[in-house]
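Asks: Just the structure for this:
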Amino acid sequence: MRTKKFLCLTIAAITVCGGVIFSRPACKAGAETAPAVVLDGVQLTFDVPPQIINDRVMLPFRAIAEAMGAGVYWDADSQKIIMYSSDKYIEMVVGNPVMKYGDYRNDDSGQTIYDTVNEYKMDSPPVIVNERTLIPLRAISEALEAQVEWDGSTMTVTIVSSPTYKTVFPLSVGIDQNGFWKGIRALDYIEMFNYKAMLIPKDVYTIPDAVIQTKINDILSKFSYDAQTTDRAVASGDIVNINYHDIFDGVKHTGGDIDGGMNMFVGGTDSALDSLIGHIPGETVNVEITYPDDYEEVSDRGKTVLFVIVINYIRERKNPELTDDFVAEKLSSSYGWTTVEEMKEGIHHDIQRSNITEYIQQHLTEATTVRSVPDQLFEHLENSMMYTYQLNARFSEKTLEEYISANDGVESVDELKAVKYDEIMETARYDLIVQAVAEDAGISVSQADTADYFAEQTSIDAYSAYEKFFGAPFMKQAVLYKKVINYIADNAVLS
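Replies: This is a model prediction of the structure:
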């Protein structure tokens, strides 16, 4: 009885004060071979493979949503998933088999109007597997009016998008097939600067050893392991492995003497565990606790219990030793390094390059005079901003006015646009400068450049799926901007 009470108090302290997270076991797939998924003739790949659960094909929700051109929202607190595609929406909650779906539209003021709300009970509700939320493929595809076929002999799902398919937002409107703003020659709007010799301050490209070491430690932490420390005293915040028994009313209770000991957090609300601070593993610590006058069991109030605690060891996470062998074995495939020296040089180069490109992006508008901004460019950026606000309001289950009031402290769309005017204008100037450099230096982007870039940045190895959602012009513009910044960085002068 005394042991149980002690354990309950201690476990509560571990859970609340120690921040320990208990994970649920993942659902077991119904087949050893992961199903293949072909969308509009393109086979998709995922970082977490599709699985069959309750005879239903389950896919990572964000990957399949993006592949089908849907906008995605994930609320971690409520574990709610919302997907938007064209004029269709789907709403699900992890563990809940009821899916809501239907048609939606935005009225002239930007408010989301749900014209229909349908409910569909799925055989398999959304689940979390390996830190990814998996959703039933057939339920999603049918709600989006896509054609779905399952070939059990080849374990292949074939999806054909709806003929009325269109993207959530015309991201490529106003951008030509080369990634440039339509009808805009950026060189006509700026006074060109010497982008081939941009001066980079020393404090930008100088990387302290401490910064490199922090990155090394971060990488090593991914390979950390549990170690049993016995050569130092227990401190607040430690997790200690103990065995114990207690003596109450002259009776010994041995429930805490178990094989392997018990891992307990020190520094929480349990005074018995706090008494271990300053003691060395291997020591036995006697702790007397007197039950308070308001203790839940009236008969025990004012009585004393003796806990006899043996400290076995302190459990610590330790990083592996950094050696050439470790680098070659664990890091070569991901980073290309084979020695510690190569690792340090690679980290130095990457951080330095990142600092330089970030500096260039932040100081381009300072180094260049923009004479004016085309109205069509400003309007496009303003509309893009409003689209983002509409999505965020929808995801927050607020009206647009409610959202901008809570988020920006303004009461109307017109007031929001006025507050954001300078920010939009700064973005427009930046876009003009980057395009002007591309025009002057003859920088262009091929479809292969774009496909390679997005393949590196995403989990789906299918350019066409992203092209369908974003549009080729928008994707090319993103890659064009990156190439321009890299070009300026390649030609920069380190002061």
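
Asks: Low-confidence stretches in the stretch 51-200 of the chain?
Replies: For the stretch 51-200 of the chain, applying pLDDT under 70 flags the ranges 66-71, 73, 85-87, 106-112, 140-145, 161-171, 173.

Asks: Which parts of it are helices?
Replies: Counting by DSSP state H, counting those that start in this stretch, the stretch 51-200 of the chain has these helices, from start to end: 61-67, 137-143.

Asks: just checking, what packs against the lengthiest helix in the chain?
Replies: Longest helix in the chain by number of residues, with DSSP state H as the criterion: helix 340-367. Using 3 or more Cβ pairs under 8 Å, 6 or more residues apart in numbering; DSSP states H and E, the elements in contact with helix 340-367 are strand 199-200, helix 202-205, helix 209-221, helix 421-441, helix 472-490. Where C-beta positions appear, they are placed from N, C-alpha and C, glycine not excepted.

Asks: Quick one: the ones you listed as JSON lines, columns for mean neighbour count and distance to Glu382 too.
Replies: Shown next, in JSON lines, are the helices and strands packed on helix 340-367 (neighbours: other Cβ atoms under 10 Å; distance: least, Cβ to Cβ, whole Å):
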{"stretch": "strand 199-200", "mean neighbour count": "16", "distance to Glu382": "33"}
{"stretch": "helix 202-205", "mean neighbour count": "13", "distance to Glu382": "32"}
{"stretch": "helix 209-221", "mean neighbour count": "14", "distance to Glu382": "39"}
{"stretch": "helix 421-441", "mean neighbour count": "19", "distance to Glu382": "6"}
{"stretch": "helix 472-490", "mean neighbour count": "20", "distance to Glu382": "17"}
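
Asks: Which among those is found nearest to Thr154?
Replies: Between Thr154 and these, the tightest spacing by Cβ to Cβ is seen for helix 472-490, at 31.3 Å.

Asks: Quick check: which of the helices and strands packed on helix 340-367 is nearest to Gly336?
Replies: Per Cβ to Cβ, nearest to Gly336 of the helices and strands packed on helix 340-367: helix 209-221, 13.4 Å.

Asks: which other residues reach the closest one?
Replies: By Cβ atoms under 8 Å, 6 or more residues apart in numbering, the residues outside helix 209-221 that reach it are 317, 319-320, 322, 331, 343-344, 347-348, 351.

Asks: Between all of those, which two are separated the most?
Replies: Arg317 and His348 (26.4 Å).

Asks: Those two: who's more crowded?
Replies: Taking other Cβ atoms under 10 Å, Arg317 and His348 do not tie; His348 has more neighbours (15 against 10).

Asks: do you know how far that one is from Lys202?
Replies: Applying Cβ to Cβ, to the nearest Å, the value for His348 to Lys202 is 15 Å.

Asks: cool, and Gln213?
Replies: 21 Å.

Asks: on that earlier part again, among the contacts of helix 209-221, the buried ones, what's the ChimeraX command?
Replies: Entered in ChimeraX, the line below selects the buried ones among those, by 16 or more other Cβ atoms under 10 Å:
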select :319,322,331,343,344,347,351
